[in-house]
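Q: How does the following fold in three dimensions:
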Amino acid sequence: MKIKGFSASAVQAGIRYADRLDLGLIYSEVPAVTAGAFTSSKVKAAPVTLDIERLQQGKAQAILVNSGNANACTGEQGLEIARKTGAMAARQLAIEENLVQVASTGVIGETMDAAPFTRAMPELVKRLSPEGFSDLSQAIMTTDTVAKMSTATVSIAGTEVNLLGVAKGSGMIMPDMATMLCFVVTDAQIAFPALKEAITSGVNETFNRITVDGDTSTNDTVLVMANGAAGNDWIDEENPGTKTAFSAALHDVFKDLALQIVADGEGATKVVTIRVVGARKKEGAMNAARTIANSALVKTAFFGEDANWGRIIAALGRSDCQFDPEKVSIAFNDVVMVKNGLGQGAEVESSASEVLKLDEFTVTVDLHDGMETAEVFTCDLSYDYVKINADYRS
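A: Coordinates of the predicted model:
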């Protein structure tokens, strides 16, 4: 899918490794309404700090992104490199420096060298193309095994509006947000407050509900650029119908990309939805779901295809959720293994083990204590996770 007025590119800059795409660029022909969401970590990478500052103006025209080096924990020098590389892109594109957002992913704590950017920038701009988003999605990969893209189309008062998103993420994935980058471009005509609201609600319901390993990064970034080229009726507070339609489309793109991240979790072989229902309070349901989803014992049982419900109820027990153990039921898809806190026997456990052989399944924990529900998306924990992270910097 092409998005009116947007182009992208990627090149092999040699930032960390040779012979791979590692520097990407997104460009809008006109300044676009732009908003974002960023890591909740107290340790924020230089690009995140710079982007938050620049987004106060509510617009951008380009995003420069690299892999191989996170430019995190690099002090004032890191901020200077972020500004310097953004300025290089601005000069080549003949736009204002403060209209360039920057993003980085890779190893933390290593000084960024500007030389590869200097060498690669002319070619990067030269290669800009409406079809360039596929290359861009590859350039932002680190331990990812597959590139991640998603598209959506929505009718806004009879006018077709398109969205295209790319993302990276595989390890250090934990809600609020994840170790991930996500960039969405759209030709929608939308007011900044409406875009910011759509991003916030969308991120909370998607990227904030995935976990691979319980770790949060320094560089997490979601940016959405809307250039208005579709010419649709304004999406704003005065047109609640248009807001609802656009937000739903953006949510679909976010969720698709979030699930792709979980499926590509480092060493993952299964995508698992942890669904907690029947809770007294929403926050309790969410805490319970996250605790179960992050349990190493639960996740290794998923990898071993062992329907060990004891690990699930043990994780539930150490969560902050209030519940009566004698009311709990646990099901793998439609196989109910536990009723009223008691296992249902070897035959049922055998059926549940068959569910665990699937690539995707849902674990439903019913507390029978209220009306609140929460979902978190996770994966199994395999031998390969340790192998990948044992030699990540080499």
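Q: pLDDT weak spots in the stretch 151-300 of the chain?
A: 170-179, 212-217, 265-267 (pLDDT under 70).
Q: after the longest helix along the chain comes which helix or strand?
A: Once the chain is assigned using DSSP state H, the helix that runs over the most residues is helix 240-263. The helix or strand immediately downstream of helix 240-263 is strand 271-279, counting by DSSP states H and E.
Q: and that next one, which strands flank it?
A: If you go by DSSP bridges, strand 271-279 pairs up with strand 360-366 (parallel), strand 372-379 (antiparallel).
Q: Figure out which of those is closest to residue 109.
A: Checking those against residue 109 by C-beta to C-beta gives strand 372-379 as the closest, at 26.9 Å. All C-beta spots, glycine's among them, are computed from the backbone N, C-alpha and C.
Q: and residue 353, what pLDDT?
A: Listed pLDDT for residue 353 reads 91.
Q: buried stuff in the helix or strand hosting it?
A: Assessed by DSSP H and E, residue 353 sits inside helix 346-355. Residues of helix 346-355 classed as buried: 348, 349, 351, 352, 353, 355 (neighbour count, 16 or more other C-beta atoms under 10 Å).
Q: So which elements touch it?
A: strand 335-339 (3 or more C-beta pairs under 8 Å, 6 or more residues apart in numbering; DSSP states H and E).
Q: residue ranges of the helices in this protein, please?
A: 46-54, 75-93, 115-126, 133-139, 192-205, 240-263, 282-294, 296-303, 309-317, 346-355, 383-390.
Q: Minimum distance to residue 226: which of the ones you listed has it?
A: Of all the helices of the chain, helix 192-205 comes closest under C-beta to C-beta, at 5.9 Å.
Q: returning to what we had before: can you put the helices of the chain in a markdown table and add distance to residue 224?
A: Below are the helices of the chain laid out as a markdown table (distance: least, C-beta to C-beta, whole Å):
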| stretch | distance to residue 224 |
| --- | --- |
| helix 46-54 | 12 |
| helix 75-93 | 19 |
| helix 115-126 | 22 |
| helix 133-139 | 14 |
| helix 192-205 | 6 |
| helix 240-263 | 7 |
| helix 282-294 | 24 |
| helix 296-303 | 31 |
| helix 309-317 | 34 |
| helix 346-355 | 37 |
| helix 383-390 | 30 |
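Q: thinking again about what came up before, would you put the C-alpha positions of the helix holding residue 353 in CSV?
A: Only the C-alpha atoms of helix 346-355 are listed here, as CSV (Å, rounded to 0.1, in the frame of the first residue of the first chain):
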residue,chain,number,x,y,z
ALA,A,346,-5.6,-36.7,34.0
GLU,A,347,-8.0,-37.0,31.0
VAL,A,348,-8.7,-33.3,31.0
GLU,A,349,-5.0,-32.5,31.5
SER,A,350,-4.2,-34.7,28.4
SER,A,351,-6.7,-32.7,26.3
ALA,A,352,-5.2,-29.4,27.6
SER,A,353,-1.7,-30.6,26.6
GLU,A,354,-3.0,-31.0,23.1
VAL,A,355,-4.0,-27.4,23.1
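Q: residues in contact with that helix?
A: 305, 306, 307, 309, 332, 333, 335, 336, 337, 343, 361 (C-beta atoms under 8 Å, 6 or more residues apart in numbering).
Q: nearest to residue 31, of those residues?
A: For those, the nearest to residue 31 is residue 361 (45.4 Å; C-beta to C-beta).
Q: Could you give the number of residues near that closest one?
A: 17 (other C-beta atoms under 10 Å).
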